[in-house]
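Participant: my questions are about this predicted structure, shown below with the sequence.
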Amino acid sequence: MSGKTRETSINRHFHGNIRRWMDFDQCRVVNLCNLHDYRCLTTIPTLESVETVCIIGSESPFSACLASSKHPQAKKRSDVPSINFITVGERGLVRIWSSDRALCLFEQKTSDITVSSDNEDLKRGFISALILPANQELLCVTADHQFFLYYPEESEGSMNLFLRKRFVGYNEEIADMKFLGDDEQFLAAATNVEQSCSYVLSGHTDTILCLDTCVSNSGRTLIVTGSKDNNVRLWDCENKACVGAGIGHMGAVGAVAFSKKQRNFFVSGSSDRTLKVWNMDGVSGNNEEIITLKAKAVVAAHDKDINSLAVAPTDSLVCSGSQDRTACIWSLPDLVSVVTLKGHKRGIWSVEFSPVDHCVLTASGDQTIKIWAISDGSCLRTLQGHRTSVLRASFLTRGTQLVSCDSDGFMKLWTVSNEECIATYDQHEDKIWALAIGKKTEMLATGGGDAVINLWHDSTASDKEEAFRKDEEGVLRGQELKNALIVADYTRAIQIAFELRRPHGLLDIFTELHRKRDAGDQIVKAVDAFSKEEQFCHTANFVLSCIPITKMIEIKGNEGVLEGLIAYTQRHFNRLGRLERESHMLGYTSYRMSVIEPEGKFENKDVTLCTGADNEQDIQEEKSSEKRKSDVSRDIAGKRVKR
């Protein structure tokens, strides 16, 4: 679009009887023109590709801050109207201009977005901007779907832009996450775009794959990141700047881990199959330039990519997990091999040391989690239950529990002692690549391929308190039920029994009511007291007969009950059909047996059995009736056989 005017964004300005408009293009200029004769009044060079121009109104807080701030003065042109406007473009900076003096009145010192990529789409910085009419705040949009809300502030005679809010519209996959700071109130997340969710840390030229956080002995909050650009970078969160860079890996850095005790070094693992220990001595937040970090030790650790790292709480050991199906434990700081853990059938995605025991945890693509003894490398426990690859696993509650995440989006909570899965949670729609656990609060954070971050907290204490409260309430309600039965208040007793879900107690009440004359009235009175949302139990046929069919239809959730009754009724009819067929077969067999038996003996037997009859006519009627029944049975049996 070089040399062509962008017609998608035109800002008109009405000044008296003269209409003027501005245009901007990739030639890095802004033109102020007259709409009557399309004559260019002035041209302002911006020295960048401009994406949007926003006119500042006279009552805008931007105008008020500009009026009170000190900025260089220039000769005012009488033939050009005085218009202040905002431009945003490829540099990712907000700048304010004066049209009559062709002068930049304000420019941001640093950009809040990343523009250092070679990708032309990401190099554009801001792609749009708008002054909100309600509160006159400036809303800027980036190429990677982020929204920045700025508000002007005047301090010490100069104007500053304050970033009030930042909305992240799309982050793609979340590769890794860690809690940040001593209070763990922030969460640092590495995504497939070039910025972190909490701070803009520009410097990597490719996707960030891993990160770790720590608070140094001097009290500074640090972040270390590993990227596909084969480098590691150390960041100071207070200054939001890179303070150190480690160059030397020949492949993507897929795992990093800080020292846990001394906090003066970190370890990195790469797809080049090597481990490096980096020294942080000499790094401080006051450095004006980025310090080149030096590797204290290097070792060729595995036969394939290294996926995960963990440093022991004592800083004496480091464990690495690799795609070569093994996990190796190395001594620090010289990286001498201690033991190799073999037993997984697929690559290992996560490793972690126990906070109290001399053991290490591994999670693998073979759908299992294993706990190993550090002393001899023997497998102590194998936890099975996931149906897909286990991507992350970590200890909880001082090593007595552990949590694991898989590629189906499931998270499981385990008890280590009995290898039992306590609970399974399904809150993600894609792989869970990131798992962060707060060391103090033990709050959990999970994220992955669905670009969703879920925060979890331990509800054990609250669940126990709720269970105790329910038990206490159940005891009190049970006493109310007994009192209602003592005073023969059956309506109240039925209501309490339904609320307590005691079907056996209800059966006892209905059994007692069944012997009373006014049982139906009492049950109807009790049923009418229920709301439509309450669920009714099938306790006895006579109870259901007291409930009107219209009220049963109105009961919420009764569809499932009716479907169950339909299935049961169908089975009942099937049993009746089988019984009918069996009775026909029995009748047919009885008839055939009567035919085989001698007629005289059969008649004598009938006469003997009917000696108690009043007269001979009664005997003949009984014989005729039996003969008709036999004929009917024979006909039916014949029809059944023909089928």
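Facilitator: Structure's in. What do you need? Residues are numbered from 1 along each chain as shown.
Participant: chain neighbours aside, what residue packs nearest to residue 253?
Facilitator: Of all residues not flanking residue 253 in the chain, residue 226 sits nearest, at 3.1 Å (C-beta to C-beta, 6 or more residues apart in numbering). To be clear about C-beta, it is placed using only N, CA and C from the backbone, and glycine gets the same treatment.
Participant: report the mean per-residue pLDDT for stretch 390-402.
Facilitator: Stretch 390-402 shows a mean pLDDT of 92.
Participant: meant to ask about stretch 355-369, not that
Facilitator: 93.
Participant: would you mark the buried spots in that stretch?
Facilitator: Residues 359-369 are the ones in stretch 355-369 that count as buried (16 or more other C-beta atoms under 10 Å).
Participant: repeat for stretch 406-422
Facilitator: Per 16+ other C-beta under 10 Å, stretch 406-422 contains these buried residues: 406-414, 416.
Participant: rewinding a little: what about the residue nearest to residue 253, how many residues nearby?
Facilitator: As a burial measure, residue 226 scores 30 neighbours (other C-beta atoms under 10 Å).
Participant: do residue 161 as well
Facilitator: For residue 161, using other C-beta under 10 Å, the count is 22.
Participant: secondary structure element holding the nearest residue to it once chain neighbours are set aside?
Facilitator: Nearest residue to residue 161, sequence neighbours excluded (C-beta to C-beta, 6+ apart): residue 150, at 4.7 Å. Element membership for residue 150, per DSSP states H and E: strand 146-155.
Participant: pull out the buried residues from stretch 492-499.
Facilitator: 492-498.
Participant: keep only those of those residues that are in helices.
Facilitator: Those of these mapping onto helices are 492-498, per DSSP state H.
Participant: farthest pair within these?
Facilitator: The two members of those with the most space between them (C-beta to C-beta) are 492 and 498, at 10.9 Å.
Participant: element containing residue 267, please.
Facilitator: With DSSP H and E as the criterion, residue 267 is inside strand 265-270.
Participant: give the other helices and strands that the helix or strand just after that strand contacts.
Facilitator: For strand 265-270, the following helix or strand on the C-terminal side (DSSP H and E) is strand 274-279. Where contact means 3 or more C-beta pairs under 8 Å, 6 or more residues apart in numbering; DSSP states H and E, strand 274-279 is packed against strand 265-270, strand 294-300, strand 306-311.
Participant: 6 Å - rerun?
Facilitator: With contacts taken as 3 or more C-beta pairs under 6 Å, 6 or more residues apart in numbering; DSSP states H and E, strand 274-279 sits against strand 265-270, strand 294-300.
Participant: got the buried residues for the last one?
Facilitator: When you say that, I think you mean strand 294-300. Those would be 295-297, 299, for strand 294-300 by 16+ other C-beta under 10 Å.
Participant: how near is residue 67 to residue 159?
Facilitator: According to C-beta to C-beta, to the nearest Å, residue 67 stands 10 Å off from residue 159.
Participant: compare those two (neighbour count), which wins?
Facilitator: residue 159 (21 against 11).
Participant: helix or strand for that one, which one?
Facilitator: strand 158-168.
Participant: who does that strand pair up with?
Facilitator: strand 146-155 (antiparallel) (DSSP bridges).
Participant: buried set for the partner strand?
Facilitator: 146, 148-152.
Participant: using PDB, write out every CA atom in the strand holding residue 267.
Facilitator: What follows is strand 265-270 as a C-alpha-only set of coordinates in PDB (Å, rounded to 0.1, in the frame of the first residue of the first chain):
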ATOM      1  CA  PHE A 265      21.600 -19.400  39.400                       C
ATOM      2  CA  PHE A 266      19.200 -21.200  37.100                       C
ATOM      3  CA  VAL A 267      19.300 -24.200  34.900                       C
ATOM      4  CA  SER A 268      18.100 -24.600  31.300                       C
ATOM      5  CA  GLY A 269      17.400 -27.600  29.100                       C
ATOM      6  CA  SER A 270      17.100 -27.500  25.300                       C
END
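Participant: what's that strand packed up against?
Facilitator: strand 253-258, strand 274-279, strand 306-311.
Participant: could I get those strands in CSV, plus columns for mean neighbour count, distance to residue 343 and mean pLDDT?
Facilitator: Listed next are those as CSV, based on neighbours: other C-beta atoms under 10 Å; distance: least, C-beta to C-beta, whole Å; pLDDT from 0 to 100:
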stretch, mean neighbour count, distance to residue 343, mean pLDDT
strand 253-258, 26, 20, 95
strand 274-279, 21, 21, 94
strand 306-311, 25, 16, 95
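Participant: let's have the ones you listed in TSV, adding distance to residue 463.
Facilitator: Shown next, in TSV, are the helices and strands packed on strand 265-270 (distance: least, C-beta to C-beta, whole Å):
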stretch	distance to residue 463
strand 253-258	34
strand 274-279	42
strand 306-311	31
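Participant: rewinding a little: check the buried residues of stretch 406-422 against residue 233 and report the nearest one.
Facilitator: Of the buried residues of stretch 406-422, the one sitting nearest to residue 233 (C-beta to C-beta) turns out to be residue 407, at 28.4 Å.
Participant: could you pull up the residues touching that closest one?
Facilitator: 388-389, 391, 431 (C-beta atoms under 6 Å, 6 or more residues apart in numbering).
Participant: may I see the buried residues of the longest helix belonging to the chain?
Facilitator: Secondary structure of the chain per DSSP H: the longest helix is helix 558-596. Of the residues in helix 558-596, 584, 587-588, 591 count as buried by neighbour count, 16+ other C-beta under 10 Å.
Participant: and which of those is nearest residue 108?
Facilitator: So of the buried residues of helix 558-596, ranked by how close each gets to residue 108 (C-beta to C-beta), first place is residue 584, at 95.5 Å.
Participant: so what's the residue count around residue 165?
Facilitator: The number of residues near residue 165, taken as other C-beta under 10 Å, comes to 11.
Participant: can you tell me how far residue 179 is from residue 214?
Facilitator: 11 Å.
Participant: would a markdown table of the helices and strands packed on strand 274-279 with distance to residue 259 and mean pLDDT be doable?
Facilitator: Shown next, in a markdown table, are the helices and strands packed on strand 274-279 (distance: least, C-beta to C-beta, whole Å; pLDDT from 0 to 100):
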| stretch | distance to residue 259 | mean pLDDT |
| --- | --- | --- |
| strand 265-270 | 5 | 95 |
| strand 294-300 | 11 | 93 |
